[in-house]
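> Test case, fold it:
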Amino acid sequence: MSTGDLSEADSWRLTALVMLAVSATVFIVQRFVTTFLDPLFELCVFHLPTVISIVIYLRSRSPDHRPVIP
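Numbering: from 1, shown residues only. Predicted coordinates:
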């Protein structure tokens with residue numbers, strides 16, 4: 001499957017899942033293994049974009065959503 005085959009909602013779902021996996025991994029490593037990132041940097045680079053991508057995915061699934069590019 002190429003990226004051209006994905007709908008907008010599917011691409012946002014994939015983005016949210018990848019970001020969630022990366023964010024969870026960074027969170028677990030930071031808390032239980034070693035601290036190598038500043039907490040504010042971790043929040044701004046990993047966790048905040050993850051929340052934003054999940055919100056966009058959920059909004060793209062709503063029935064009244066109009067695609068950005070028709």
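
> For the chain, just list every one of the helices.
Along the chain, counting by DSSP state H, helices occupy 8-28, 39-42, 48-60.

> As TSV, these with mean pLDDT would be great.
Supplementary listing: the helices of the chain in TSV, determined by pLDDT from 0 to 100:
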stretch	mean pLDDT
helix 8-28	94
helix 39-42	95
helix 48-60	93
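
> want to throw the ones you listed into TSV with mean neighbour count and distance to Arg66?
C-betas here are computed from N, CA, C, even on glycine. Below are those laid out as TSV (neighbours: other Cβ atoms under 10 Å; distance: least, Cβ to Cβ, whole Å):
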stretch	mean neighbour count	distance to Arg66
helix 8-28	15	10
helix 39-42	11	34
helix 48-60	16	10
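
> and Ser62, what are its phi and psi?
Phi and psi for Ser62, reported as degrees, to the nearest 10, are phi -70, psi 150.

> Likewise for Leu6?
Per degrees, to the nearest 10, the backbone of Leu6 is at phi -90, psi 140.

> next one: Asp38
Reported as degrees, to the nearest 10, the phi and psi values for Asp38 are phi -70, psi 140.

> Could you check the pLDDT of it?
In this prediction, Asp38 carries a pLDDT score of 94.

> how far away is it from Asp64?
Distance, Asp38 to Asp64, using Cβ to Cβ, to the nearest Å: 40 Å.

> Compare these two (neighbour count), which wins?
The neighbour comparison of Asp38 against Asp64 (other Cβ atoms under 10 Å) goes to Asp38, with 10 against 5.

> Check the spacing between Val22 and Val55 real quick.
Here the distance between Val22 and Val55 works out to 17 Å (Cβ to Cβ).

> Apologies, that question was intended for Leu20.
Between Leu20 and Val55 the distance, using Cβ to Cβ, works out to 12 Å.

> now swap in Ser11 and tell me
15 Å.

> can you check Arg31 too?
As for Arg31, its distance to Val55 is 24 Å (criterion: Cβ to Cβ).

> Same question for Thr34.
With the distance defined as Cβ to Cβ, Thr34 ends up 31 Å from Val55.
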